[in-house]
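Enquirer: The sequence and its predicted three-dimensional model are supplied below.
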Amino acid sequence: MTADDTYGRLDDDNFPAYTMGRAAEMLGTTQGFLRAIGEARLITPLRSAGGHRRYSRYQLRIAARARELVDQGTPVEAACRIVILEDQLEEAQRINAEYRRVAGSANPASAA
């Protein structure tokens, strides 16, 4: 690995840079919470060569959203399902907007 590769990872939201302890500390939660949302399949941390869980910034953002819902009284399983559905809706809206953009540029006369 070159130095350029290492620095490129600093901007990679999917690079598993955080240990379970550090992730829990950053989120202000427990390692048990991270295990629970992993068991609910909200996030699947990567494993280090030694078998330790490693989390990406993207996964931490998802975990933070689940924690917000749990802090509001939502059970962990339900919070995970809500976050999954929110993520699916966001992706569907993004795809829909892209289809509209492509359709509009392919047929500019209908846009007028």
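Expert: Yep, it's here. Numbers count the residues shown, from 1 in each chain.
Enquirer: mind listing the helices for this structure?
Expert: 3-9, 20-27, 31-39, 57-71, 76-106, 108-111 (DSSP state H).
Enquirer: Quick one: closest of these to Leu46.
Expert: When the helices of the chain are compared by Cβ to Cβ, helix 57-71 sits nearest Leu46, at 9.1 Å. Every C-beta, even on glycine, is put in place using the N, C-alpha and C of the backbone.
Enquirer: With only the CA atoms kept, save the closest one in PDB.
Expert: Extracted C-alpha coordinates of helix 57-71, given in PDB (Å, rounded to 0.1, in the frame of the first residue of the first chain):
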ATOM      1  CA  ARG A  57     -18.400   6.300   9.100                       C
ATOM      2  CA  TYR A  58     -21.400   5.400   7.100                       C
ATOM      3  CA  GLN A  59     -22.300   2.600   9.500                       C
ATOM      4  CA  LEU A  60     -21.900   5.000  12.400                       C
ATOM      5  CA  ARG A  61     -24.300   7.400  10.900                       C
ATOM      6  CA  ILE A  62     -26.900   4.600  10.500                       C
ATOM      7  CA  ALA A  63     -26.200   3.500  14.100                       C
ATOM      8  CA  ALA A  64     -26.700   7.100  15.300                       C
ATOM      9  CA  ARG A  65     -30.100   7.300  13.700                       C
ATOM     10  CA  ALA A  66     -31.100   4.000  15.300                       C
ATOM     11  CA  ARG A  67     -29.900   5.300  18.600                       C
ATOM     12  CA  GLU A  68     -32.100   8.500  18.200                       C
ATOM     13  CA  LEU A  69     -35.100   6.300  17.800                       C
ATOM     14  CA  VAL A  70     -34.300   4.100  20.700                       C
ATOM     15  CA  ASP A  71     -33.700   7.100  22.900                       C
END
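Enquirer: That helix - what's its average pLDDT?
Expert: The predicted model assigns helix 57-71 a mean pLDDT of 96.
Enquirer: Repeat that for stretch 99-112.
Expert: Mean predicted confidence for stretch 99-112 is 78.
Enquirer: ok so, going back, any chance of CSV for the helices of the chain, columns mean neighbour count and distance to Gly51?
Expert: CSV is the format used below for the helices of the chain (neighbours: other Cβ atoms under 10 Å; distance: least, Cβ to Cβ, whole Å):
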stretch, mean neighbour count, distance to Gly51
helix 3-9, 9, 21
helix 20-27, 16, 11
helix 31-39, 17, 14
helix 57-71, 18, 17
helix 76-106, 13, 23
helix 108-111, 8, 55
